[in-house]
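J.: structure of the sequence below:
(2 chains)
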Amino acid sequence: MDATDPTDRTPDEPRPTTDDASTPAPEAVQPAAAVVDERAPKHLVVVGGGMVAQRLVEAMRDRDAAGEWRITVLAEEPRAPYDRVALTSYFSGRHPEDLALGTPELWADPLVRLVRGDAVTAIDREARTVTSTSGRVEHYDHLVLATGSKAAMPPIEGNDLPGVFVYRTVDDVAELRGWVEEQRERWSRPVRGAVIGGGLLGLEAAGALQALGAQSTVVQFGTHLMSAQIDLGGGEALRRLINSLGVGVRLNTATTRMRTNRRGTVGRLDFADGGRLDVDVVVVATGVTPRDELGRAAGLEVGPRGGVVVDDACRTADPFISAAGEVACIQGACIGLVAPGYAMAEIVVDRLLGGAATFPGADTATKLKLSGVDVASFGDAFAVTPGALEIVWADPVGGVYKKLVLSDDARTLLGGVLVGDASAYASLRPMLGRELPGDPGQYLLPEGGGGGGAALELPDDAAVCSCNNVTAGTVRGAVTEHGCTDLGAVKACTRAGTSCGSCLPLVKKLVTTELEKSGITVSKALCEHFDLSRAQLYDAVRVTQLRSFTDVLARFGTRPGARGCDICKPVVASILSTTAPGHVLEGERATLQDTNDHVMANLQKDGSYSVVPRIAGGEITPEGLLVIGQVAKDFGLYTKITGGQRIDMFGARIDQLPAIWKRLVDAGMESGHAYGKSLRTVKSCVGSTWCRFGVQDSVALAVQLELRYRGLRSPHKIKLGVSGCARECAEARGKDVGVIATDKGWNVYVGGNGGFTPRHAQLLAEDLDTETLVRTIDRFLMYYVRTADRLQRTAPWMEDVEGGLEGVRAVIMDDSLGIAADLDAQMALHVESYEDEWAATLADPEKLRRFASFVNAPETPDPSLAYVAERGQARPATAEEKNGYDDGRSGAVLVAGTTLEVRS
Amino acid sequence: MTAAQVEDLVADGELTWVDVCRLDDLAPERGAAALVGAEQVALVRLLDDRVLAVQQLDPFCGAYVMSRGIVGTRTVDGADVPTVASPMYKQVFDLTTGRCLDAVGKEPVDLRTWPVRVVAGSVQVGVAAGSVAVGGAG
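T.: Okay, here's the model as predicted:
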């Protein structure tokens, strides 16, 4: 915890969202190591620090177990390689660091050196050295050019005006974002944007402009959108979809000039047909040009349309130089996609280690990553194979266009275009070049026709994940040979679906099928008493309005004579607490609770409990501190500050709990629910009331939120955090719901977890006012409470929600399921029916009987409890300390611990 | 032990019934700890007012907590047997025999059981004659 003290960060400390501060200032120039010790590793120099370079280093470190090669990566950009493919997601809230590729350990490997912010300027092929901007000279045993591409800038007059952007790097995207935000401030109307170029990247850029709140128009020179990937029919369907998102489209339009406004920034586009368009921002996305200037200058052959020419082994004519990725002109062309680039990286590594891999030809399959628009293209999408047949299914009303390209006997799949509904993409793509079983037309029809791929049994060698080159066989093997039992384990084991993620539905299906075959039940049944999953049971109980476990068991249980178990009982208790609120110990509900909820304290290893009163938002008065201190002292309790900004008192016997709580409740305190699968805490920094840097009152909001959601029972514990500024001292992004103050309101992040699998929360919405923020959190939490699995925290739950973060956003922000009002009402019921469980218990002698140490000796403490002193406090004695040691030494001196006399 | 076996032991003078508490002192489908002599016993009252007794010591964690576990049932050989799950590490035991039904990955250890009967609303635990309780102050 404890970045809460504002004084522990200096004002000039860089904001946490920027890149790694350990960026080396270019190191002192090292002399070229011309003579190399025979046993020393050979030196591989990689020019360029993009995705392909990252993959190359990763592959080398995976495969070069003997340490034959050490690697230096010279990167022009000031950051470690990042996921350029996911660049657009930067707008939907991912931070630059979320785009990081691979594990940081890769760059800590002693055989790997990453030099950032230092571009290579020349290659000396004679001396086998490269020279960089900073004057660094590196000798290489082998050199790989992985310089990628730069965004092409067509020679249109005015293309250098302020307000004209390209779309290639994190910096481009950050500048674009800054510009649009600045324009938004300046004008009292929506910002007008245009994107020149209607290809994959252009459409993503248009989506990005929209996400920033700007209007956008796509200006396409050709006859239809995405003309490199899809045919005219698909393009027309796509135009309608893009229009329906509110993005304008101009086809067959050449831009002749970009003109300034009065401020000297871009203000208007002139077109060849005489038309014009007023703009405040322009994104140029007309394609990319390979960064082949180093190769050219070094005298390496370049292709007719640029790119360093390489053979199928990715080698240039110089045996000491290879090229990989977008800069490589392979089989006559440069390929601007990441999957072939990864393949080339693997080939280079294989060759350096003595292998004989060759480039199999590019998989040019693409999928548009734009929310609400589903487009995929794969294989021979234009049916150029001689004799190819096309099967087309179009539904202009539904906005769907699908085409399969088949061999002349209509059996072998050659390619396809899917617009409006690309759900069949993941299962069709691996079938490329293979015979489709059954009538090909069935794969195009919506629902029930096998379009989802259920009918397809993929051969083991079919590539499922082309980013990481994982076959169906490898995925199956992860289940059958490596014992993976869920999607997460398979991802970790095979890397399938870890890059672009488009194959995940297919991977999931393969895993499920394989698990079922191995006889592993993937049934979501809760336990032997209920065939339903927790989410199904929740809905069933909510709809039927049942109020007791007995009724739920009778209605939905598997066997009438059974009485539930330690799995289903707490689940039903948790469900009933939000569908039919009532005290945890009310009637039959008391029998459903785990011991923690049953005695409203946390069971510790020796059978004693710990007690945590609520300290909302971590704010406590000196009087409150004195009360807790005095109670702990009087009952001999061990005290420790928790991670959630409150105080835990340990070593309370079950029979002491009511007396302890009497004191706490009398002093105005209430249960902190530290024992429940429920809201735990809302952690906050000190906020704008005291902090020099705070922009909002984070403590007030944290207190408000904690008091709103206190006692909310959920599938697992829930933690919230509120930070008063972007310095994020409350570590809110590690919480299930994190709120971070902005100048204009609050940004809300969801799905962060600490624990075994730490996860950063993802941005759900920006600049909300407090009322909207609270409503948004209400819905998020209630949707989670309703639909998550037992003991599933928010991060894995969001992965399971169809559509992930987008899916959650659609439900709670856009009300796509029409349940928002229902969620609101349910949360209102929770807030209204809250009561302090401990105060209610103390007022009911019947409930207090549960706290007797022994039913026949309620005042006799458990004689087995024993404590020793350590650092001035009590801790449970070990078995040896209690009973003496094996060697005959007697045990430690026991202290009274929790059995001290209590002041009356 | 069957009821008949228990009665045989009583008849032979090897077992003595000790009053522990009233049936009303026990909440249905929840356990309660009791002192029987110096012994800590977990009493569990089922929905049909049957009372079962197992050791209060959880053999897997060494703490005296078994009475605080969740009571339920589990299918064993086609029949539903009453169970208690350890509140500490969730091992599941058959309340009638003490047998460990789910050791949660550990070596199974069974619980000791005691015969129990309810006479005129009074819960009695059968203990070996000679170890007659002194602590049960009911």
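J.: how close does A:Gly234 sit to A:Leu251?
T.: With distances taken as C-beta to C-beta, to the nearest Å, A:Gly234 is found 14 Å from A:Leu251. All C-beta spots, glycine's among them, are computed from the backbone N, C-alpha and C.
J.: out of those two, which sits in the busier spot?
T.: Using other C-beta atoms under 10 Å in any protein chain shown, the more surrounded residue of A:Gly234 and A:Leu251 is A:Gly234, with 28 against 17.
J.: for chain A, give me the ranges with low pLDDT.
T.: Low-confidence segments of chain A, defined by pLDDT under 70: A:1-39, A:89-98, A:369, A:371-372, A:446-456, A:499-502, A:520-523, A:756-757, A:886, A:888-904.
J.: run through the bridge partners of the residue nearest the centre of it.
T.: Nearest to the mean C-alpha position of chain A, by C-alpha atoms, centre = their mean, lies A:Gln762 at 6.4 Å. Beta-bridge pairing for A:Gln762 (DSSP bridges): A:Val750.
J.: again, but for A:Arg257
T.: Under the criterion used (DSSP bridges), A:Arg257 bridges to A:Glu157, A:Asp270.
J.: how about the helix or strand where A:Val45 lies, which residues are buried there?
T.: Following DSSP states H and E, one finds A:Val45 within strand A:42-47. When burial is assessed from 16 or more other C-beta atoms under 10 Å in any protein chain shown, strand A:42-47 yields the following buried residues: A:43-47.
J.: what packs against that strand?
T.: helix A:51-63, strand A:69-74, strand A:137-139, strand A:142-145 (3 or more C-beta pairs under 8 Å, 6 or more residues apart in numbering or on different chains; DSSP states H and E).
J.: buried stuff in the first one?
T.: Of the residues in helix A:51-63, those scored as buried under the neighbour-count criterion (16+ other C-beta under 10 Å) are A:51-61, A:63.
J.: tell me the one among the residues you listed nearest to A:His224.
T.: Closest to A:His224 out of the buried residues of helix A:51-63 is A:Met51 (28.9 Å), distances taken as C-beta to C-beta.
J.: how far away is that closest one from A:Asp312?
T.: For A:Met51, the distance to A:Asp312 (C-beta to C-beta) stands at 21 Å.
J.: cool, A:Leu532 as well?
T.: From A:Leu532 across to A:Asp312, the span is 55 Å (C-beta to C-beta).
J.: compare these two (neighbour count), which wins?
T.: A:Leu532 (18 against 13).
J.: mind listing what that one touches?
T.: A:524-526, A:540, A:556 (C-beta atoms under 8 Å, 6 or more residues apart in numbering or on different chains).
J.: a markdown table for the helices and strands packed on strand A:42-47, including distance to chain B?
T.: Compiled in a markdown table, the helices and strands packed on strand A:42-47 are given as follows (distance: least, C-beta to the nearest C-beta, whole Å):
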| stretch | distance to chain B |
| --- | --- |
| helix A:51-63 | 32 |
| strand A:69-74 | 43 |
| strand A:137-139 | 53 |
| strand A:142-145 | 48 |
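J.: quick one, strands of chain B?
T.: Secondary structure of chain B (DSSP state E): strands at B:15-22, B:30-36, B:39-45, B:51-55, B:70-76, B:79-85, B:92-94, B:100-102, B:113-114, B:116-119, B:122-128.
J.: can I get the ones you listed in JSON lines with mean neighbour count and distance to chain A?
T.: Formatted as JSON lines, those follow (neighbours: other C-beta atoms under 10 Å in any protein chain shown; distance: least, C-beta to the nearest C-beta, whole Å):
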{"stretch": "strand B:15-22", "mean neighbour count": "20", "distance to chain A": "5"}
{"stretch": "strand B:30-36", "mean neighbour count": "25", "distance to chain A": "4"}
{"stretch": "strand B:39-45", "mean neighbour count": "25", "distance to chain A": "7"}
{"stretch": "strand B:51-55", "mean neighbour count": "23", "distance to chain A": "11"}
{"stretch": "strand B:70-76", "mean neighbour count": "22", "distance to chain A": "4"}
{"stretch": "strand B:79-85", "mean neighbour count": "20", "distance to chain A": "4"}
{"stretch": "strand B:92-94", "mean neighbour count": "24", "distance to chain A": "7"}
{"stretch": "strand B:100-102", "mean neighbour count": "18", "distance to chain A": "10"}
{"stretch": "strand B:113-114", "mean neighbour count": "22", "distance to chain A": "14"}
{"stretch": "strand B:116-119", "mean neighbour count": "15", "distance to chain A": "13"}
{"stretch": "strand B:122-128", "mean neighbour count": "20", "distance to chain A": "9"}
